[in-house]
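1. quick one, structure for this:
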Amino acid sequence: MVGVGSGQKKKLTITRCVRETNGDTTVTGDKFEAMVNPQGFTRKDSIQYNENKAIGATSQEKIFSRMGTSSISFKKILLDGTGVIDPFGPGVSERIETLKKIVYNYNGQKHEPNRVQLLWGNLIFLGRLTSLDVNCTMFTPNGVPLRAELSMDFEDATSTKEAQLSANQSSPDLTHLVEVRAGDTLPLLCHRIYGDCSYYREVAAINNLPGLLSLTPGTQLKFPPLG
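-> Coordinates of the predicted model:
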């Protein structure tokens, strides 16, 4: 579980992930970063029930069946190619293509769309895209998009085991992917994840960190299950 940020402004990032044969999830490095953060997001969690109604009964009893699928939606994520926000960055069309390669394109090896990690502040959501809307609002005289707004919906893509462990977000049996923030240290991060700062040497070895004292903000570290 990621703790509250250090106050440094972070942008929404969407990173392609792969599930290893041992069940762990690893980010690949292919990443889309929002130019301007969305104003918010809508997350939906559901619970499913079975309804048993006896003959002649005036009411029906709902019996818990299982936890439903979670989903998350982002609306009006701005892309700007006028040069006001990022004078030397890629254009709107190039940014859209980068995003689609990560969230939309079919993965022939996995025979499914990519799993992605959404990371923003203390939000970590592992899912797959269900809907992508691109609304172009400004163009050059030749019709090239200069400004667009994105709306995206994602559905939870965790495995059954991951979902069960995620019921307790502080579970030490769950592999965590954490983005380093300014001021973070390995002992501090280990205390957040495991409740015990003494595991910092093991985490450093797993992530092949050359030193224990300096962590680069933006780096993603893997915190594996204990045991």
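2. find the centremost residue of the protein, please.
-> By CA atoms, centre = their mean, the mean C-alpha position of the chain lies nearest to Leu118, the distance being 1.8 Å.
3. and that residue, how far from Arg43?
-> Note on Leu118: its distance to Arg43, by CB to CB, to the nearest Å, is 10 Å. C-beta here means a position set from N, CA and C on the backbone, and glycine is covered the same way.
4. overlap of the contact sets of these two?
-> Residues touching both Leu118 and Arg43 (CB atoms under 8 Å, 6 or more residues apart in numbering): 72, 125.
5. and the helix or strand hosting Leu129, what does it pack onto?
-> Element membership of Leu129, judged by DSSP states H and E, is strand 123-139. Contacts defined by 3 or more CB pairs under 8 Å, 6 or more residues apart in numbering; DSSP states H and E place strand 123-139 against strand 71-80, helix 92-103, strand 112-113, strand 115-120, strand 145-156.
6. could you break the protein into its assigned domains?
-> 1-45+69-168, 170-227 (automatic domain parsing).
7. so how far is the last one from its chain's centroid?
-> Chain-centre distance of domain 170-227: 18 Å, with CA atoms, centre = their mean, to the nearest Å.
8. average pLDDT across that domain?
-> In this model, domain 170-227 carries a mean pLDDT of 76.
9. which ones are touching the residue nearest to the centre of the chain?
-> Residues near Leu118 by CB under 8 Å, 6+ apart: 12-14, 72, 124-127, 154.
10. ok so Cys190 is a strand residue?
-> No: membership of Cys190 in a strand is not supported by DSSP: H, G, I helix; E, B strand; the rest coil, which gives helix.
11. low-confidence bits of this structure, can you list those?
-> 1-9, 20-25, 51-61, 108, 110, 159-176, 194-195, 211-213, 225-227 (pLDDT under 70).
12. what residues sit buried inside stretch 74-93?
-> 74, 77-81, 91-93 (16 or more other CB atoms under 10 Å).
13. identify the farthest-apart pair in those.
-> Based on CB to CB, the longest span within the buried residues of stretch 74-93 runs between Phe74 and Gly91 and measures 21.3 Å.
14. quick check: Gly218 is in a strand.
-> No: under three-state DSSP, Gly218 sits outside any strand and is assigned coil.
15. where's it relative to Arg43, distance?
-> 24 Å.
16. for Pro145, same thing?
-> Counting by CB to CB, the gap from Pro145 to Arg43 is 29 Å.
17. please identify which of the two sits among more neighbours.
-> Pro145 (19 against 13; other CB atoms under 10 Å).
18. pairing partners for that one in the sheet, please.
-> Phe139 (DSSP bridges).
19. having no further points to raise, I will conclude here.
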